[in-house]
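Asks: Next come a sequence and a model predicted from it.
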Amino acid sequence: MSVEIREIAIPEIGPDDTLMQVAAVGVCGSDLHQWAGVHSWPVNYPVTLGHEFAGVLVKTGVNVTGFKEGDRVCSETAAIIDANSPMTRIGKYNLDPNRKGFGYGTHGAMTHYVKVPARCLHRVPDTLPLRLAALTEPCCVAFSAVVSNVNILPGDRVAVLGPGPIGLLCGAIARLRGAEVAVVGLPQDKVRLDLAKELGCTALFNEQLKDWSLSRDGLGCDGVVDAAGVSATLRTAIDIVRPAGWISKVGWGRDPLGFSIDPLVQKNVTLQGSFSHTWAIWERVLHLLDTKAIDVSKIVGGSWSLEHWHDAFETMHSGKIAKAVLEVQPELAA
């Protein structure tokens, strides 16, 4: 696998597209997976990385209405969809089998200018810095996992497996729903587990999880969010969830399971996959970010220039921080 800085041409836009000058772009765990060559999804090489981004429009196509040059915007990830897909036609374009996202299916935003279909855009409130608006996308992933796809009631006990950015945001949003939340990791995850505490969650190491899950009535957690990047955590989720509980699986893992899922049947557990997001989720999450109901700044461990992308990747991959941000245009990102 090779990731490097290259000179590329400014994209040509079509009638339904816009050209965005990128202010900031977040580094996602999937960027790290592609960088390390351990991803489990097809990639359209060569491709520019980056799917968490915000910036300013510098050009709009002739068919674009509702947006103009100078608008502060962020973008959804569904760069290519089939408008006639049955899933698209019912508003679930995130589940269109032909969907291709920025940063793997088409060129992403770790660059100065990116072509974005106007349908992907959302206005960023004037009071929300673009460096934080760039992280709307992972917040929307977490919102889908713990709001759109499962039903959390106040007082529910929810365990989040994996203290990466998505796991931390799942914990924060589950707390907004009134749940008692534990974020679970390994000793080397201490920095990220400390962030979980700042977000109002209990921080646990793996060996503490069973006692916590059983401490209320001995039956286990009401729900488990599997936000880890390995397949084996699903077994842990099945072990600790209570009968008639739910598991929301948002983390990717390329390895075979290698264990029986009979307990899932025996306990009548709902296993829910959670992928991507839709327009309405973005609008709601942007409001939550602007009002600091979700304080995404807590998970940002540092900002780097585009030229220093490797330092950002290495620092995030090491676990020293939860989230790295590349400030492509610092004067816009602030």
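Replies: It's in.
Asks: what's the weakest-modelled helix or strand in this protein?
Replies: Least confident element among the helices and strands of the chain, by mean pLDDT, DSSP states H and E: helix 29-36 (a mean of 93).
Asks: Which strands or helices does the next helix or strand after that helix pack on?
Replies: Counting by DSSP states H and E, the next helix or strand C-terminal to helix 29-36 is strand 52-60. If contacts are counted by 3 or more C-beta pairs under 8 Å, 6 or more residues apart in numbering; DSSP states H and E, strand 52-60 sits against strand 17-26, strand 72-75, strand 113-117, helix 130-133, helix 136-143. Where C-beta positions appear, they are placed from N, C-alpha and C, glycine not excepted.
Asks: and the second one, what other elements does it pack with?
Replies: It refers to strand 72-75. Against strand 72-75 (3+ C-beta pairs under 8 Å, 6+ apart) you get strand 17-26, strand 52-60, strand 121-123, helix 130-133.
Asks: Rebuild the ones you listed as JSON lines, extending it with distance to E327 and mean neighbour count.
Replies: Formatted as JSON lines, the helices and strands packed on strand 72-75 follow (distance: least, C-beta to C-beta, whole Å; neighbours: other C-beta atoms under 10 Å):
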{"stretch": "strand 17-26", "distance to E327": "5", "mean neighbour count": "25"}
{"stretch": "strand 52-60", "distance to E327": "11", "mean neighbour count": "24"}
{"stretch": "strand 121-123", "distance to E327": "20", "mean neighbour count": "18"}
{"stretch": "helix 130-133", "distance to E327": "6", "mean neighbour count": "24"}
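Asks: So for M87, which of those sits nearest?
Replies: Closest of the helices and strands packed on strand 72-75 to M87 is strand 121-123, at 20.6 Å (criterion: C-beta to C-beta).
Asks: Need the contact partners of the closest one.
Replies: For strand 121-123, contacts defined as C-beta atoms under 8 Å, 6 or more residues apart in numbering pick out 18, 57, 67, 71-76, 136, 279, 282-283, 286.
Asks: List buried members of these by neighbour count.
Replies: By neighbour count, with 16 or more other C-beta atoms under 10 Å, the contacts of strand 121-123 hold 18, 57, 67, 71-76, 136, 282, 286 as buried.
Asks: Which pair of these spans the longest distance?
Replies: Pairwise across these, and taking C-beta to C-beta, the largest span is found between T18 and L286, at 17.6 Å.
Asks: Need the pLDDT of the spatially most central residue of the chain.
Replies: Centroid check for the chain by C-alpha atoms, centre = their mean gives P138 as the closest residue, at 2.6 Å. We have a pLDDT of 98 for P138.
Asks: list the contacts for the nearest residue to it once chain neighbours are set aside?
Replies: Distances taken as C-beta to C-beta, 6 or more residues apart in numbering place P165 nearest to P138, at 5.4 Å, with adjacent residues excluded. Listed by C-beta under 8 Å, 6+ apart, the contact set of P165 reads 28-29, 138, 299, 322-323.
Asks: if we go to 10 Å?
Replies: Residues near P165 by C-beta atoms under 10 Å, 6 or more residues apart in numbering: 26-29, 52, 135, 138-139, 141-142, 192, 195, 227, 296, 299-301, 316, 321-324.
Asks: and what of R175?
Replies: Counting by C-beta under 10 Å, 6+ apart, R175 touches 146, 152, 158, 181, 199-201, 294.
Asks: What pLDDT is listed against it?
Replies: So R175 comes in at 98 (pLDDT).
Asks: Can I take it that it is in a strand?
Replies: No: checked against DSSP: H, G, I helix; E, B strand; the rest coil, R175 lies outside a strand; its state is helix.
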